[in-house]
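this is a predicted model, with the sequence first.
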Amino acid sequence: MPIARWKLFLLQALVAVVALGVWHVGATIPISLDGQNKPVYLLPPFFFSAPLDVAQRVVKMFTDGTVKIATCAEPFNIATMLQTNNSCFGKTIWQHLAITSIEGLLAFAIGSIAGVALGFWFARRPLVAAVFDPYIKMFNALPRVVLAPIFMLWLGLGIWSKVALGVTLVFFIVFFNVYQGVREVSPVILANARMLGMSERQLFRHVYWPSALSWMFSSLHTSVGFAIIGAVVGEYLGSAAGLGYLIQQAEGTFDVTGVFAGMTILAAFVLLVDWLVTLVENRLLVWKPPAASQQV
Amino acid sequence: MASETEPTAPAVRLSHVDVAFPEPKGGVFKAVSNASLDVANSEFVAIVGPTGCGKSTLLNCAAGLLAPAAGHVEIFGMQLSGLNGHAGYLFQQDALMPWKTARDNIALALEIGGTPRIEAVERAQVWLGRVGLKSFGDRYAHQLSGGQRKRVGLAQVLIRNPKILLMDEPFGPLDAQTRQIMGNLLLDLWAGDKKAVLFVTHDLEEAIALADRVVIMSAGPEARIIGDHTIDLVRPRDATEVRLQPRFHALHKAIWGQLRSEVIKAYGGEIG
Ligand SMILES: Nc1ncnc2c1ncn2[C@@H]1O[C@H](COP(=O)(O)OP(=O)(O)OP(=O)(O)O)[C@@H](O)[C@H]1O
Ligand SMILES: [Mg+2]
């Protein structure tokens, strides 16, 4: 039986309320007093902050204009914004969000284009696939975090080192899916298309391409997620802007409230992006039968 | 192509065709052995045989999707190499493109040949009506029943008006009543411009009701063609009413006598 929408929403909200409630109680209601008559908390605010403080900080970040450090006289424009390693550190939260989004978007676009192109090429040229197979596996097995410093060395502290990190993550997901999609076209559909008189070009357009895209789109959530992860991790490891940078800065000063505020914004951002992806997916994959798990 | 064909030559000629598949464990599996079969221009031939004997395999040879290990295939007197461009093939399995709607699947068959999209879609809609799916054009394959998918496939093949029609159990998933309606539809279409038809079915009654000739294959491996019966029932026929004629029963009895032992062999091979 399908769960009613409002009921599901209510249950989901209940989970959040209970979790936040436990956190709030643990961080604000003392359980005892220590030797100097100071209250002792189950979740000491220094380590855990408190939900209301975090909420306040988030609101402040969005209303205050700039986030931490000095404000900057330079007027806001895309060019200065993208120079994330420039001396002007005073950026509004919107600018940080914009930078992370641009990095994620570029990583996703470049990784997808490269993945689709190479996926097609490998699937149609078994020799190429066989020759490069061990190298592909090797690079895919590599933890991408170790590449971050190298990308910074090569590409500097600006957005491109973060984009590169994201690309290495997105590329492999898209590549493997497109490769699979092209190779696993049903032989009957292929034979039928040939018997209907399709040329190689028409086969590409009407059979291989839609099949590959459907595989790529089925991993859209994962690849978009990884594009953002690449951006945030890159920022975290060395930059002067973006959500990853904000979290790293807060951690550097033991500002736990700042860390949680950054994480909250990041989580909201990811949820929003995921929702957009679902919208896109529903439009593009109308022809797909719903997955068994969704047929509640 | 049309100018190269001889008008008197059979539409399809399989002569001494052997088909072998590589075995998974090495060696070859000889599915069909020394099969010879002519389908004259505008003749309706049905192939009947026990499951797994090689009926689909023979159609694949006639379509040019499979090269015989020995023997050869001629289409209108020309040796076939590569795909058979004169043939429309309705596959036994689902062959619709799942990412296109029923209407677009049918229209695509025309668009491939250069028909403008608007015209192709219009004609596809007409064909949807002919196969009884007028209001199902916007559905995707997974939203259609097995029988509906078969009918979309039939329209997709017929809209190109091929000279040779290869059909592999086209009415397999349909219920008995719809089978007969579709059988009559096929007979009507065929009476209009007589194509050469090679029609595979496991239903002997259907074969007799529709065809000019019924060809019997033996159980595999090394399946052969063991019988070739001319069906002398008068045309035009009604696929339902023809079954009530005494001549129908006589033919059925004669052919079934031959087919029975092969069907038993096909299962016996499994059990023994
Ligand atoms: N690609 C293949 N590789 C190996 N063996 C095959 C292949 N295709 C068919 N065969 C074998 O060839 C034989 C004939 O198969 P075919 O599909 O032509 O049977 P069929 O008469 O159409 O059966 P059915 O009525 O069940 O559709 C079978 O024994 C099958 O296992
Ligand atoms: Mg078959």
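Done, it's in. Ligands and ions are numbered 1, 2, ... in the order given.

only C-alpha atoms from now on, for both contacts and neighbour counts.
Fine.

residue of the stretch 1-150 of chain B closest to chain A, please.
In the stretch 1-150 of chain B, the residue that lies nearest chain A is residue B:95 (4.5 Å; CA to the nearest CA).

how about the helices in chain A?
Taking DSSP state H, the helices of chain A run over residues A:5-28, A:45-48, A:51-63, A:78-82, A:93-124, A:126-141, A:148-155, A:159-183, A:187-195, A:200-203, A:209-218, A:220-237, A:243-252, A:256-284.

of all the ones you listed, which one is nearest ligand 1?
For these, the distance to ligand 1 is smallest for helix A:187-195, at 10.6 Å, taking CA to the nearest ligand atom.

lowest confidence element among the helices and strands of chain A?
None of the helices or strands of chain A scores lower by mean pLDDT, DSSP states H and E than helix A:78-82, at a mean of 52.

chain B against chain A: which residues are in contact?
Counting by CA under 8 Å from any CA of the partner chain, chain B comes close to chain A at B:63, B:65, B:83-85, B:87-89, B:91, B:93-101, B:109, B:112-113, B:140-143, B:157.

got the domain ranges for chain A?
For chain A, automatic domain parsing gives the domain ranges A:1-48, A:50-294.

hey, which of those domains is tucked in deepest?
Mean neighbours per residue, mean count of other CA atoms under 10 Å in any protein chain shown, is largest over these for domain A:50-294, with a mean of 18.

contact partners for residue B:255?
Residues near residue B:255 by CA atoms under 8 Å, 6 or more residues apart in numbering or on different chains: residue B:229.

what's the spacing between it and residue B:170?
Distance of residue B:255 to residue B:170, computed by CA to CA, to the nearest Å: 22 Å.

want to throw the domains of chain A into a markdown table with distance to chain B?
Shown next, in a markdown table, are these (distance: least, CA to the nearest CA, whole Å):
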| stretch | distance to chain B |
| --- | --- |
| domain A:1-48 | 20 |
| domain A:50-294 | 5 |
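
and those: which comes nearest residue B:260?
Checking the domains of chain A against residue B:260 by CA to CA gives domain A:50-294 as the closest, at 30.9 Å.

where exactly do the strands run in chain B?
All strands of chain B, identified by DSSP state E, fall at B:12-22, B:28-39, B:44-48, B:70-75, B:78-79, B:87-90, B:164-168, B:196-201, B:213-217, B:225-230.

reformat those as JSON lines; add distance to residue A:169, mean neighbour count and mean pLDDT.
Shown next, in JSON lines, are the strands of chain B (distance: least, CA to CA, whole Å; neighbours: other CA atoms under 10 Å in any protein chain shown; pLDDT from 0 to 100):
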{"stretch": "strand B:12-22", "distance to residue A:169": "41", "mean neighbour count": "20", "mean pLDDT": "92"}
{"stretch": "strand B:28-39", "distance to residue A:169": "45", "mean neighbour count": "19", "mean pLDDT": "91"}
{"stretch": "strand B:44-48", "distance to residue A:169": "55", "mean neighbour count": "26", "mean pLDDT": "94"}
{"stretch": "strand B:70-75", "distance to residue A:169": "51", "mean neighbour count": "20", "mean pLDDT": "92"}
{"stretch": "strand B:78-79", "distance to residue A:169": "53", "mean neighbour count": "14", "mean pLDDT": "90"}
{"stretch": "strand B:87-90", "distance to residue A:169": "43", "mean neighbour count": "26", "mean pLDDT": "94"}
{"stretch": "strand B:164-168", "distance to residue A:169": "46", "mean neighbour count": "24", "mean pLDDT": "94"}
{"stretch": "strand B:196-201", "distance to residue A:169": "51", "mean neighbour count": "25", "mean pLDDT": "94"}
{"stretch": "strand B:213-217", "distance to residue A:169": "56", "mean neighbour count": "23", "mean pLDDT": "94"}
{"stretch": "strand B:225-230", "distance to residue A:169": "58", "mean neighbour count": "16", "mean pLDDT": "91"}
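
for ligand 1, what are the nearby residues on chain B?
Remark: the part of chain B in contact with ligand 1 comprises B:21, B:31, B:51, B:52, B:53, B:54, B:55, B:56, B:57, using CA under 6 Å from any ligand atom.

wait, what's in contact with the last one?
Residues touching residue B:57, when contacts are defined by CA under 8 Å, 6+ apart, comprise B:19, B:32, B:66.

just those now: which is nearest residue A:25?
Checking these against residue A:25 by CA to CA gives residue B:66 as the nearest, at 73.9 Å.

ranking the helices of chain A by mean pLDDT, which is last?
Among the helices of chain A, helix A:78-82 has the lowest mean pLDDT, at a mean of 52.

who's in contact with the residue lying closest to residue B:157 once chain neighbours are set aside?
Take residue B:157 and drop its neighbours on the chain: the residue closest to it by CA to CA, 6 or more residues apart in numbering or on different chains is residue B:88, 5.4 Å away. Applying CA under 8 Å, 6+ apart to residue B:88 gives the contacts A:195, A:196, B:157, B:158, B:160, B:161, B:162, B:163, B:164, B:165, B:166.

how about a markdown table for these, with distance to residue A:246 added?
A markdown table is the format used below for the contacts of residue B:88 (distance: CA to CA, whole Å):
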| residue | distance to residue A:246 |
| --- | --- |
| A:195 | 59 |
| A:196 | 58 |
| B:157 | 62 |
| B:158 | 64 |
| B:160 | 63 |
| B:161 | 67 |
| B:162 | 67 |
| B:163 | 71 |
| B:164 | 70 |
| B:165 | 69 |
| B:166 | 67 |
